[in-house]
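Novice: This is the structure alone, sequence omitted:
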């Protein structure tokens, strides 16, 4: 069993930055591909970014490439999402996710564990 707890969300103006953190407990983080998803009101939960177990490989949805950076510290059992140049369309609840699969691709169906979510609101 894995428990994921996100932190770092909040209200920021367009162009600003936030760093989300996801602390894992119950199992070592290095056993899982880790990622972030987001869900805006009335919309589906969408993939944002993932990072491989070693941290050497990352992937992003097109709309955040060049602005967001995912990283992990396996020693601290924590995953981060640095979000820069935020836009109002980035407003959503952001969820940390853990996937024990072998394929380096995350979908809502492949995720084994979810965090409770943290709200990110970007004002224009």
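Specialist: Nice, thanks for sending it over. What you see is a predicted model; the values in this text were computed from it and never measured.
Novice: Strands of the chain, residue ranges please.
Specialist: Listed in chain order, the strands of the chain (DSSP state E) span 3-7, 10-13, 18-25, 33-39, 45-51, 58-60, 68-73, 78-83, 92-99, 113-114, 118-123.
Novice: Distance to residue 106 and mean pLDDT added to the ones you listed, as TSV?
Specialist: Glycine gets a C-beta too; all of them are placed from N, C-alpha and C. Below are the strands of the chain laid out as TSV (distance: least, Cβ to Cβ, whole Å; pLDDT from 0 to 100):
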stretch	distance to residue 106	mean pLDDT
strand 3-7	14	96
strand 10-13	25	98
strand 18-25	14	96
strand 33-39	4	97
strand 45-51	5	98
strand 58-60	8	98
strand 68-73	11	97
strand 78-83	12	97
strand 92-99	5	97
strand 113-114	11	96
strand 118-123	18	98
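Novice: ok, what's across the strand from the residue positioned nearest the centre of the chain?
Specialist: Nearest to the geometric centre of the chain sits residue 36, at 2.2 Å (Cα atoms, centre = their mean). Judged by DSSP bridges, the bridge partners of residue 36 are residue 49, residue 96.
Novice: Equivalent analysis for residue 23, please.
Specialist: Here residue 23 sits in beta bridges with residue 5, residue 78, as judged by DSSP bridges.
Novice: Isn't it up against residue 78?
Specialist: Yes. Between residue 23 and residue 78 there is a contact under Cβ atoms under 8 Å: 5.2 Å.
Novice: so how far is residue 100 from the residue nearest to the centre of the chain?
Specialist: Separation of residue 36 from residue 100 (Cβ to Cβ, to the nearest Å) stands at 17 Å.
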